[in-house]
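[1] Fold the following, please.
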Amino acid sequence: MAGQKSTYTRTFTREDVSNFTEISGDRGIHHVAPDSSGRVMIQGLLTATLPTKLGGDLNYIARTMTFEFIKPVFVGDTVTCEGTVVRVADSDGRLEVSLSFICKNQEGKVVLRGRTEGIIRQ
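    Presented below is the predicted three-dimensional model:
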């Protein structure tokens with residue numbers, strides 16, 4: 001399992017931002033009103049749902065997550081997240097797992113990267 005890679009791609013919509021605004025309460029002006037270029041920035045933690053989805057595919061339960069937000073993501077951007085299993089160790093009937101991830105926009109620019117540690121129940 002170590003070295004295993006998986007990817008997920010998503011294009012963010014205005015509706016995604018509106019729904020996340022309601023759920024999170026993050027109503028920063030840059031998330032609700034277009035900037036001078038007509039763009040609406042999506043919430044950083046909405047971008048972070050991409051690596052979260054990859055973890056869900058593995059039935060992974062996160063214990064720690066570290067995010068480094070490199071560039072903003074805007075409504076209409078398509079982001080691809082690639083996750084890599086870094087370490088797996090068997091411990092008391094579960095797997096202790098470390099994952100790393102990198103998210104890039106449609107131009108191939110890194111927008112988010114990070115790491116997470118957690119478990120997979122066996």
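[2] So which residue is smack in the middle of this protein?
    Ala48 (2.6 Å; Cα atoms, centre = their mean).
[3] Leaving out chain neighbours, which residue sits closest to it?
    Leaving aside its chain neighbours, Ala48 sits nearest to Phe67 (5.6 Å; criterion: Cβ to Cβ, 6 or more residues apart in numbering). (C-beta placed from N, C-alpha, C; glycine too.)
[4] List the buried residues of the host helix or strand of that neighbour.
    Using DSSP states H and E, Phe67 falls within strand 60-69. The neighbour-count check on strand 60-69 (16 or more other Cβ atoms under 10 Å) flags 60, 65, 67 as buried.
[5] Quick check: pLDDT value at the closest residue to the second one other than its chain neighbours.
    With Cβ to Cβ, 6+ apart as the criterion, Met65 has its nearest non-adjacent residue at 4.5 Å, and that residue is Thr116. In this prediction, Thr116 carries a pLDDT score of 96.
[6] now do the one 4 residues further on
    Ile120 carries a pLDDT value of 94.
[7] Following the chain onward from the longest helix along the chain, which element is next?
    Longest helix of the chain, by residue count under DSSP state H: helix 14-24. Per DSSP H and E, helix 14-24 leads on to helix 29-32 as the next helix or strand towards the C-terminus.
[8] Where does Trp8 fall, secondary structure wise?
    For residue 8 the amino acid is Tyr, not Trp. strand 5-11.
[9] for this structure, what helix or strand is lowest in average pLDDT?
    Least confident helix or strand of the chain, by mean pLDDT, DSSP states H and E, is helix 29-32 with a mean of 90.
[10] Please report how far Gln4 lies from Thr84.
    Counting by Cβ to Cβ, to the nearest Å, the separation of Gln4 from Thr84 is 7 Å.
[11] Which one's more surrounded, the two?
    Legend: neighbour count by other Cβ atoms under 10 Å for Gln4 and Thr84, higher for Thr84 (16 against 12).
[12] the inter-axis angle of the helix or strand hosting that one versus strand 60-69?
    Here Thr84 sits within strand 78-91, counting by DSSP H and E. Counting by axes from the mean of the first three to the mean of the last three Cα atoms, to 10 degrees, strand 78-91 points 130 degrees away from the direction of strand 60-69.
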